[in-house]
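Asks: For reference, the sequence and a predicted model appear below.
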Amino acid sequence: MRGARGEGRGAREVQGSKSKRGDRCSANVSAALVKALLLVVLLASPTFAYLKLGVHIGDQTIALRWQELPVRYFVSDQGVPGVTPTDLDGAVQRAARAWEDVPTASITFARAGFTASLPGEEDGMSTLGFEDRPELERVLGATSITVDTVTGEILEADIFFNAAFPWTTASGGEPGRFDLESIALHELGHLTGLSHSALGETELVHGGGRRVLGAGAVMFPIAFSPGNIDGRRPMADDIAGLSDLYPAGDFRRRTGSVSGRITKDGRGVFGAHVTAFNLRTRQLVGNFSLSDDGGFVIAGVDAGPCLLRVEPLDDGDLDSFFDETDRVDVDFLAAVHTKLANVQAGSDTGEIRISVRAR
Amino acid sequence: MLLACAGVILVADAAGAQPAPTPSKQAVTPRESRLRGRFELTVGAGWWGDSRLGRTTASIPGNGAPRGDDFILFTTDARIASAAAFEATLGYRLTPLISAEAGVGLGQPEVRTTVIGDVEVPETVTATDRLIQLSVEGALVVRLPRLTIARVTPFVRGGAGYVRQLHEGRRVVDTGQVFFVGAGMMYPLLARSRGAIRGVALRGDVRAVWYREAFELDDRRPMSLNAGLGLTVRF
């Protein structure tokens, strides 16, 4: 099927909401179709070394990516209070440039101009703009993607920013308003094919929802508080993900990967978040165990000694990361592997087994 | 790393305190005569001390406006732990007081990284990585016979060399340079004026060792205090 469309987990949550709603963005297609199209890639191999959007084709899973670059996009000519269409355009351009500036990735964007079209319309144009969606109380923005389900090629991707929230494009941020550039960077990450990163810490807030304590990736699903502008630059984890999806130059020769299995009581753990911390470069890159035998791969890791840390996926809603949430095991204690992983440029560490204990 | 020259010193001291060796009655060429007694082989055990690699913080941007303070996930404190080693040197006496040495050292120290204050892992955890470390060095030894007390002669020693560290799993290798200065003492056990073996001595030394471009985590040069004890044979 060509040109199937869906909106998956390409949304960014607002934190601390009292809403009981799920954080999944709305879809203009049925939920069943969404699941059919935008399944997270579940294969653990160096090719799928980052949580990406993917599509099942037969018994294979193919990561979604743009085949033709640059990615042409339009900007909606509608503003919101505090943000003119020109402000929106500028914020999107800066965010696009931030992804383009990743030296180890080849993604490029081309601004095609303003459009009167709204995001979400299947019109062959990738459009970014505001939509007033007050019913989505926890969604700041979302990305919908049209894909060729034979090849995994992304054909069109639209991004909407929820006009129900207060926005700003001020260079230093603005108290009480969300930084449009940061959210655009996150959504453009989805537009490229990246899914969510779990590299962040949150705490539950009274009445429901979560408050971000810190985020080590712009692809973390929950946004910083209004006024914060820390999310304007991709971090190491984002860079590894994008570079894995669109490798440029000698990325694969200059970086290495860590692979292995997470087990509990001798059985594989699915959905464990594994982080590699490079003791030399301080780079933090994470991924999940993505197979039933607990297999994981973390690619794009700087060469050097790495500390491996495993934790359950408890800093965000499971369905921000996986469709099949019942497969995800969160019933174990966070652990630090007692062996350092020596990452070598251009190669994999070989299987590292990490055993975790049930809570 | 290398205990070497102790033997040299001893012998030299002994030579200085005793009459010159009587020429052998066997046929010995002038060249052989000049070389005899100038070589010292030292073999022994070493103790390579702790080498601190420093603290590192794993942090992510924290939540705040317009920018949050770093949110610290955990801190690591890394070191190369002390370890026993095998050391050997071959010295050649250039003058009665000065010897040149070449040596090797082989040990298996462990890199230990302790994780402190992890927000998710309450207990302190240490992650390890065993190294197979080989060093090949050259050194100069200067004997100090005027400071001899109770037949124990001190010496000072300094040098540099190449170090190779093979990490656990034998896939990753760090190589670099090693520099050292130190001091030691020689105690003669045997001195002879003829025969293949001209002397035997006990040698011990301590030294400060710096590593450059070997296994390190930041710009700081790892440093350790090493010690060695060995037996030196002069021939």
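Replies: Perfect, thanks for sending it. Numbers count the residues shown, from 1 in each chain, chains lettered A, B, ... in the order given.
Asks: okay, CA-based contacts and neighbour counts for the rest of this
Replies: Will do.
Asks: can you count the residues close to residue 235?
Replies: The chain I'm using is chain A. Neighbourhood size, residue A:235 [other Cα atoms under 10 Å in any protein chain shown]: 21.
Asks: Please refer instead to chain B.
Replies: If we define neighbours as other Cα under 10 Å, then residue B:235 has 21 of them.
Asks: Residue A:131 too?
Replies: For residue A:131, using other Cα under 10 Å, the count is 20.
Asks: check contacts around the nearest residue to residue B:162 once chain neighbours are set aside.
Replies: Spatially, and ignoring its direct neighbours in sequence, residue B:162 is nearest to residue B:177 (4.6 Å; Cα to Cα, 6 or more residues apart in numbering or on different chains). Applying Cα atoms under 8 Å, 6 or more residues apart in numbering or on different chains, we find residue B:177 in contact with B:160-163, B:211-214.
Asks: Ok, residue B:63 next?
Replies: A:212-215, A:224-225, A:228, B:69.
Asks: show me what contacts the closest residue to residue B:129 other than its chain neighbours?
Replies: Nearest non-adjacent residue to residue B:129, counting by Cα to Cα, 6+ apart: residue B:111, 5.0 Å away. Residues near residue B:111 by Cα under 8 Å, 6+ apart: B:78-81, B:128-131.
Asks: Tell me the one of those nearest residue B:230?
Replies: residue B:81 (22.0 Å; Cα to Cα).
Asks: how many other residues sit next to the closest residue to the closest one other than its chain neighbours?
Replies: The shortest distance from residue B:81 to any non-neighbouring residue, by Cα to Cα, 6+ apart, is to residue B:50 (4.7 Å). By the criterion of other Cα under 10 Å, residue B:50 has 19 neighbours.
Asks: quick one: the helices in chain B?
Replies: Secondary structure of chain B (DSSP state H): helices located at B:6-17, B:30-35.
Asks: Lowest average pLDDT across these?
Replies: Mean pLDDT across those is lowest at helix B:6-17; the value there is a mean of 36.
Asks: which parts of chain B sit against chain A?
Replies: Contact residues, chain B versus chain A (Cα under 8 Å from any Cα of the partner chain): B:56-68, B:70-71, B:120-121, B:125-129, B:167, B:171-172, B:216-218.
Asks: For ChimeraX, write the selection for the buried entries among these.
Replies: The ChimeraX command for the buried members of the residues of chain B next to chain A (criterion: 16 or more other Cα atoms under 10 Å in any protein chain shown) is given here:
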select /B:56,57,58,59,60,61,62,63,64,65,66,67,68,70,71,120,121,125,126,127,128,129,167,172,216,217
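Asks: Nearest to residue A:305 among the contacts of residue B:111?
Replies: Nearest to residue A:305 among these, with distances taken as Cα to Cα, is residue B:129, at 9.0 Å.
Asks: Touching, that closest one and residue A:339? I think so.
Replies: Yes. When contacts are counted by Cα atoms under 8 Å, residue B:129 is listed as touching residue A:339 (6.0 Å).
Asks: how about the residues of chain A near chain B?
Replies: Proximity of chain A to chain B (Cα under 8 Å from any Cα) is limited to residues A:172-175, A:200, A:212-216, A:224-230, A:277, A:279-280, A:282, A:284, A:307, A:311, A:333-340, A:342-344.
Asks: Are any of those residues buried, and if so which?
Replies: Judged by 16+ other Cα under 10 Å, buried ones among those: A:173-174, A:200, A:212-216, A:224-230, A:277, A:279-280, A:282, A:284, A:307, A:311, A:334-340, A:342-344.
Asks: Residue B:93 and residue B:100, how far apart?
Replies: 6 Å (Cα to Cα, to the nearest Å).
Asks: now swap in residue A:293 and tell me
Replies: Residue A:293 sits 59 Å away from residue B:100, going by Cα to Cα.
Asks: And these two? Which one has more around it.
Replies: Between residue A:293 and residue B:100, residue B:100 has the larger neighbour count (other Cα under 10 Å), namely 22 against 16.
Asks: dump the residue contacts of that one.
Replies: With Cα under 8 Å, 6+ apart, residue B:100 has these contacts: B:91-94, B:138-141.
Asks: tell me which residues form a beta bridge with residue B:40?
Replies: residue B:91, residue B:234 (DSSP bridges).
Asks: What count of nearby residues applies to it?
Replies: By other Cα under 10 Å, 31 other residues sit near residue B:40.
Asks: can you check residue A:204 too?
Replies: Residues near residue A:204, counting by other Cα under 10 Å: 14.
Asks: Is it correct that it is in contact with residue A:316?
Replies: No. Judged on Cα under 8 Å, residue A:204 makes no contact with residue A:316 at a distance of 9.6 Å.
Asks: Identify the contacts common to these two.
Replies: residue A:210.
Asks: any idea which helix is longest in chain A?
Replies: helix A:85-100.
Asks: Return the list of helices and strands in contact with it.
Replies: strand A:71-76, strand A:109-115, helix A:180-192 (3 or more Cα pairs under 8 Å, 6 or more residues apart in numbering or on different chains; DSSP states H and E).
Asks: got the angle for the first one vs helix A:85-100?
Replies: Just to be clear, that refers to strand A:71-76. Strand A:71-76 and helix A:85-100 meet at an angle of 160 degrees, taking axes from the mean of the first three to the mean of the last three Cα atoms, to 10 degrees as the criterion.
Asks: and strand A:71-76, which strands flank it?
Replies: strand A:109-115 (parallel), strand A:127-131 (parallel).
Asks: Tally up the residues packed near residue A:317, please.
Replies: 17.
Asks: actually residue A:358, sorry about that
Replies: 11.
Asks: what about it, distance to chain B?
Replies: 13 Å (Cα to the nearest Cα, to the nearest Å).
Asks: Isn't that residue up against residue A:333?
Replies: Yes. Using Cα under 8 Å, residue A:358 makes contact with residue A:333 at a distance of 6.0 Å.
Asks: Ranking helices and strands of chain B by mean pLDDT, which lands last?
Replies: Taking mean pLDDT, DSSP states H and E as the measure, chain B has helix B:6-17 as its least confident helix or strand, at a mean of 36.
Asks: Any regions of chain A where pLDDT drops low?
Replies: Low-confidence segments of chain A (pLDDT under 70): A:1-50.
Asks: can you pull out the strands in chain B?
Replies: According to DSSP state E, chain B carries its strands in the segments B:39-48, B:51-61, B:70-80, B:83-93, B:98-107, B:110-116, B:125-143, B:153-167, B:173-191, B:199-212, B:223-234.
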